[in-house]
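Participant: Fold the following, please.
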Amino acid sequence: MDVIEGKALQISDAIISCQLDGKGGLIPIDDKDVIHCDRPCWLHLNYTHRESADWLVSTPLLPDSVRDALGGDSMRPRVNRLGDGTMITLRSVNLNSESRPDQLVVIRVFINDKLIVSTRQRKVFAIDEVLTDLQNGNGPLNGGGWLVDVCDALTDHTSEFIEELHDKIIDLEDAVVDQQIPPRGELALIRKQLIIMRRYMSPQRDVFSRIASERLPWMSDDDRRRMQDIADRLGRGLDDLDASVSRTAVLSDEISTVMAESMNRRTYTMSLMAMVFLPTTFLTGLFGVNLGGIPGGSWGYGFGTFCFLLVVLVLGVAWWLKRRKWL
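Facilitator: Numbers count the residues shown, from 1 in each chain. This is a model prediction of the structure:
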């Protein structure tokens, strides 16, 4: 396949349809074009749109084994060699509004030296960054450079989110040092996000390393070196995730300790209060019986004297507790 007719790449609901110009820019694809395959064409599709789904099923430009993969349910990052092309599944931090970053989005890519087909359901901001670079004339020159730029943007977003989690953990640690308990569920959410990122970014690092190590015909040695650098950078992010998981475990134990100490202090205070007022409770109960012969019952100053003695008794018990260093 040395040429492709433009109408074979025309999809009414395609998000992006262009050809790399080899100079860092792009060339829009027109129906009447006859595209020479010396530079790859790029189609970016939402596989839930009807026209895009029909094209994926019917186009002769894709191998049969790729059709289901581009619109399938596979979520775990992976890479497979399929003839002269490569099928790649990657995960991206979710930067869409009203979504949490840990609700990762999926991008699937089939790439060879003539064609790049990428699909997604939810928006992937890394794709928009690469498209902006192409529109500004400083984008990738070929398919290998396109893949490296996309992976680089994905890793940048992942690193930024890991840094955000790291900052949140530092804030929680500072709060716990000040004996402040974080809101309920905040630490659990951070731990969940760390675990999700660790689960999916670890195989994604392996995907980057495999792409860098294999002699793919559409990737230059420089692209492979850049891809290995991206894999190493993501690996350092994974090390930070492992450390953060351990730190949250320590934080959880410390929060439990702070809560237990707070409860113990409250219990201790209530116990001391009960001890201070225990003698007075006994005396008021004793003098409150409705029987004759209560001392001072007929004396006009009896009640005032009794209250004064109770105050003295409370102060005396408090002084004794203070002397024993219980207060």
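Participant: Spell out the secondary structure type for the one residue sitting closest to the centre of the chain.
Facilitator: Nearest residue to the geometric centre of the chain (C-alpha atoms, centre = their mean): residue 102, 3.4 Å. Following DSSP: H, G, I helix; E, B strand; the rest coil, the label given to residue 102 is coil.
Participant: Could you measure from it over to residue 128?
Facilitator: According to C-beta to C-beta, to the nearest Å, residue 102 stands 20 Å off from residue 128. For glycine as for every other residue, the C-beta is placed from the backbone atoms N, C-alpha and C.
Participant: ranges for the helices of this structure?
Facilitator: Remark: helices assigned in the chain by DSSP state H are 50-58, 64-70, 125-135, 143-177, 186-213, 221-287, 302-323.
Participant: Using neighbour counts, pick out the buried residues of the fifth one.
Facilitator: Think helix 186-213. 187, 190-191, 193-194, 196-197, 200-201, 203-212 (16 or more other C-beta atoms under 10 Å).
Participant: Let me know the angle separating that helix from helix 143-177.
Facilitator: 160 degrees (axes from the mean of the first three to the mean of the last three C-alpha atoms, to 10 degrees).
Participant: And helix 186-213, what does it pack against?
Facilitator: Counting contacts by 3 or more C-beta pairs under 8 Å, 6 or more residues apart in numbering; DSSP states H and E, helix 186-213 is packed against strand 78-82, strand 85-92, helix 143-177, helix 221-287.
Participant: Can you give me the buried ones in the first one?
Facilitator: Buried residues in strand 78-82, counted by 16+ other C-beta under 10 Å: 78, 79.
Participant: what distance separates it from the middle of the whole chain?
Facilitator: The chain centre lies 26 Å from the centre of strand 78-82; the measure is C-alpha atoms, centre = their mean, to the nearest Å.
Participant: From the contact counts, what lies against that strand?
Facilitator: Judged by 3+ C-beta pairs under 8 Å, 6+ apart, strand 78-82 is in contact with helix 64-70, strand 85-92, helix 186-213.
Participant: With distance to residue 112 and mean pLDDT added, can I get these in JSON lines?
Facilitator: Shown next, in JSON lines, are the helices and strands packed on strand 78-82 (distance: least, C-beta to C-beta, whole Å; pLDDT from 0 to 100):
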{"stretch": "helix 64-70", "distance to residue 112": "10", "mean pLDDT": "83"}
{"stretch": "strand 85-92", "distance to residue 112": "4", "mean pLDDT": "92"}
{"stretch": "helix 186-213", "distance to residue 112": "14", "mean pLDDT": "93"}
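Participant: for the protein, what helix or strand is lowest in average pLDDT?
Facilitator: The helix or strand of the chain with the poorest confidence is strand 34-36; it has a mean of 56 (mean pLDDT, DSSP states H and E).
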